[in-house]
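**Q** Make a model of this:
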Amino acid sequence: MKIEVLGSGCAKCKTLEANVREAVSELAIDAEIVKVDDFAEIAKFGVMMTPALVVDGEVKLVGKVPGKDEIKNILTS
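**A** Next comes the predicted model:
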């Protein structure tokens, strides 16, 4: 599984990345977590507001910071 956290490096983006890492750790799943901060790359996903969460190439969340439990639900559904 490839998980991408899209964002410029703001506080919300960092919180999302931390929550993703905790959720992946607690679920004990094999996932590659990538931080994407290049606006050209972010725009390729059609995302205009950050932070955003992409799982296996599919945009799952835009413009909000979900809690760890919500991230777990996204990753297991």
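**Q** Now name the helix or strand holding residue 61.
**A** Residue 61 is part of strand 58-62 when elements are defined by DSSP states H and E.
**Q** Run through this protein and note the low-pLDDT ranges.
**A** The model of the chain has no residue with pLDDT under 70.
**Q** Do a quick rundown of the strands in it.
**A** 2-6, 32-36, 52-55, 58-62 (DSSP state E).
**Q** which ones are touching residue 49?
**A** 62, 63 (Cβ atoms under 8 Å, 6 or more residues apart in numbering). C-beta: built from backbone N, CA, C; applies to glycine.
**Q** before we move on, back to that, for the strand holding residue 61, output the C-alpha coordinates as PDB.
**A** Taking C-alpha atoms only, strand 58-62 is exported to PDB below (Å, rounded to 0.1, in the frame of the first residue of the first chain):
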ATOM      1  CA  GLU A  58      -6.900   7.600  -5.000                       C
ATOM      2  CA  VAL A  59      -7.600  10.800  -3.200                       C
ATOM      3  CA  LYS A  60      -9.400  10.000   0.100                       C
ATOM      4  CA  LEU A  61      -9.400  13.300   2.000                       C
ATOM      5  CA  VAL A  62      -8.900  16.900   1.100                       C
END
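**Q** If you count neighbours, what's buried in that strand?
**A** Across strand 58-62, burial judged by 16 or more other Cβ atoms under 10 Å covers 60, 61, 62.
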